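sharing a model that was predicted from the sequence below.
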Amino acid sequence: MKFFVDTADLAEIRDLAATGLLDGVTTNPSLIAKSGRNMLDVIAEICDVVPGPVSAEVTATDVETMLAEAEVLSSVASNVAIKVPLTPNGLKTCKTLRDRDILVNVTLCFSAAQAVLAAKAGASFISPFVGRLDDIGLRGLDLIEEIVDIYNQYDNFETEVLVASIRGPAHVIDSARVGAHVATVPPNVLRQLYQHPLTEKGLDAFLKDWESTGQSILEQANQRKDAAE
Ligand code: G3P
């Protein structure tokens, strides 16, 4: 499973990129607004930090202007993926961009029918919003499982399922269990994936017992080296 981080906060992206586990980044107009910065500057900086796909969303709703915006965004860096909404114009734009071999992430997906249309439009990624479906009392993971099952029926569907609107580690694990290709995860949730109280407790116990030996691996290595000389 690929992990993208869902933020436009450069400090968070730099910190998590250092883990070596980051395969990409997703942004959207709300996340750009939250950053308080110029969109083209933010996207350029993100693309410098993370070599994988960096989603940058168009803000127009007509095809001509979406294509013009996509041209600007694509010129920022070679790893920009253009995000378009799952609307008729968004999918027309997707098809044109894919014909130009530009990565496209079709976002705001809430049904399997929409996901089939996005795959037919040649989307590189489809972003079903699992959290927002949960928010209205549905089970967002059911949609993820449905999309993965449908896509697996067709060899010519090359669209990767990029689970978005993730609210916690369970969404990540449940998405992995049903075979989603990518999870785009808020920074705090990404960090939660590492955490378990028994890991912390076990490490504390190991280090306490080790400390009681008074030993040092590096000191022993130096002693052995000195003895060999
Ligand atoms: O990338 C889409 C994601 O940012 C939406 O998440 O929490 O606004 O539903 P959320």
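Looks like it came in fine.

check the residue of the chain found nearest the ligand and give its pLDDT.
Among the residues of the chain, S165 lies closest to the ligand, at 3.4 Å counting by Cβ to the nearest ligand atom. Quick note: C-beta positions are derived from backbone N, CA and C, even for glycine. Listed pLDDT for S165 reads 98.

all strands of this protein, in order?
2-6, 24-26, 54-57, 80-85, 104-109, 125-128, 160-163, 182-185 (DSSP state E).

export the ones you listed to TSV and tack on mean neighbour count and distance to E219?
As requested, the strands of the chain are exported to TSV (neighbours: other Cβ atoms under 10 Å; distance: least, Cβ to Cβ, whole Å):
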stretch	mean neighbour count	distance to E219
strand 2-6	22	38
strand 24-26	26	42
strand 54-57	28	45
strand 80-85	25	50
strand 104-109	26	52
strand 125-128	29	51
strand 160-163	26	48
strand 182-185	27	40
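
about what we covered before: so how far is G137 from the residue of the chain closest to the ligand?
As judged by Cβ to Cβ, to the nearest Å, S165 and G137 stand 15 Å apart.

with neighbour numbers in mind, choose between these two.
Ranked by neighbour count (other Cβ atoms under 10 Å), S165 and G137 place S165 first, with 22 against 6.

the more buried one contacts G140, correct?
Yes - S165 is in contact with G140 according to Cβ atoms under 8 Å; the separation is 7.5 Å.

which neighbours do the two share?
Between them, S165 and G140 share these contacting residues under Cβ atoms under 8 Å, 6 or more residues apart in numbering: F129, V130, G131, R132, L133.

by neighbour count, which of the residues you listed wins?
V130 (27 neighbours).

what sits against that one?
So V130 contacts G140, L141, L143, I144, V163, A164, S165, I166, R167, H171, S175 (Cβ under 8 Å, 6+ apart).

what sits closest to the fifth one if chain neighbours are left out?
Taking Cβ to Cβ, 6 or more residues apart in numbering, and ignoring the residues beside it in sequence, V163 has S175 as its nearest neighbour in space, at 4.3 Å.

show the contacting residues for the one you found.
So S175 contacts M1, V130, L141, I144, V163, I166, A183 (Cβ under 8 Å, 6+ apart).

try 7 Å
S175 sits next to L141, I144, V163, A183 when contact means Cβ atoms under 7 Å, 6 or more residues apart in numbering.

need those in a markdown table (columns: distance to N79).
Shown next, in a markdown table, are the contacts of S175 (distance: Cβ to Cβ, whole Å):
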| residue | distance to N79 |
| --- | --- |
| L141 | 29 |
| I144 | 25 |
| V163 | 20 |
| A183 | 19 |
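
longest helix in the chain, by number of residues?
helix 197-213 (DSSP state H).

distance from it to the middle of the chain?
Mean-position distance between helix 197-213 and its chain equals 33 Å (Cα atoms, centre = their mean, to the nearest Å).

tell me the mean pLDDT over that helix?
98.

all the helices of this structure, residue numbers only.
Going by DSSP H, the chain shows helices at 10-17, 29-35, 39-49, 63-74, 88-99, 112-120, 130-135, 140-151, 169-177, 187-192, 197-213, 217-228.

export the ones you listed as a markdown table, with columns for distance to the ligand.
Below are these laid out as a markdown table (distance: least, Cβ to the nearest ligand atom, whole Å):
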| stretch | distance to the ligand |
| --- | --- |
| helix 10-17 | 13 |
| helix 29-35 | 6 |
| helix 39-49 | 14 |
| helix 63-74 | 16 |
| helix 88-99 | 14 |
| helix 112-120 | 15 |
| helix 130-135 | 5 |
| helix 140-151 | 10 |
| helix 169-177 | 11 |
| helix 187-192 | 10 |
| helix 197-213 | 26 |
| helix 217-228 | 44 |
